[in-house]
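Asker: I need the structure of the sequence given here:
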Amino acid sequence: MARVAVGGTFDPIHDGHLSLLRMAFELADGGMVHIGLTSNKMARSQRTRPVRDFQVRLRNLEDALRKNFRAYNYEVEELKNSYGSALKDDFDYIVVSLETEPVAKKINKIRVSKGLDPMEISVIPYLMAQDCVRISSTRVAKGEIDTHGKVL
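Answerer: Numbering: from 1, shown residues only. Presented below is the predicted three-dimensional model:
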């Protein structure tokens, strides 16, 4: 059983997020999945579109975890920066998208400089929508696609 880190804004939750979370639970193999959920301040400073409140995103995330994975072996941390507890706690893996892989590499570099073991980085490929463009929360929020990638 492993300890796995994964993070994001998760708003709205789409099939790409579910793919990321699925890999985290598979790697954990019954161990703990530590989910970093961006704080309101962090989420809103990084987005050009409105983002739901942290508590709403947390509720939606927990609903998705129960519905899609029947998962209870997780903990959620409010992320106030890109690293969260990944700089100090023991994790075996970090699961990221291609977009956030550079952050995972930076985290590992900092971990090693602090005398911690690096995490194994598991990179999830983008899921493509029906129009062969990647599924993203921004596209869902704009009404271009639904959460499964179907063009609207």
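Asker: Give me the helices and strands touching the longest helix seen in the chain, please.
Answerer: As assigned by DSSP state H, the longest helix anywhere in the chain is helix 54-69. Using 3 or more Cβ pairs under 8 Å, 6 or more residues apart in numbering; DSSP states H and E, the elements in contact with helix 54-69 are helix 15-28, strand 32-38, helix 40-46, strand 74-79. Glycine gets a C-beta too; all of them are placed from N, C-alpha and C.
Asker: mind putting those in a markdown table, distance to residue 99 and mean pLDDT included?
Answerer: Converted to a markdown table, these look like this (distance: least, Cβ to Cβ, whole Å; pLDDT from 0 to 100):
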| stretch | distance to residue 99 | mean pLDDT |
| --- | --- | --- |
| helix 15-28 | 10 | 97 |
| strand 32-38 | 14 | 97 |
| helix 40-46 | 12 | 86 |
| strand 74-79 | 16 | 96 |
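Asker: Quick check: which of those is nearest to residue 124?
Answerer: Residue 124 lies closest to helix 15-28 among the helices and strands packed on helix 54-69, at 5.2 Å (Cβ to Cβ).
Asker: hey, which of the helices and strands packed on helix 54-69 is tucked in deepest?
Answerer: With neighbours taken as mean count of other Cβ atoms under 10 Å, the helices and strands packed on helix 54-69 reach their highest mean count in strand 32-38, at a mean of 23.
Asker: so where's the protein uncertain?
Answerer: Scanning the chain for pLDDT under 70 picks out the ranges 47.
Asker: for the residue with the largest distance to the centre of it, helix, strand, or coil?
Answerer: The C-alpha centroid of the chain is most remote from residue 115, which lies 25.4 Å away (Cα atoms, centre = their mean). With DSSP: H, G, I helix; E, B strand; the rest coil as the basis, residue 115 sits in coil.
Asker: Before I go, just wanted to say thanks for your time.
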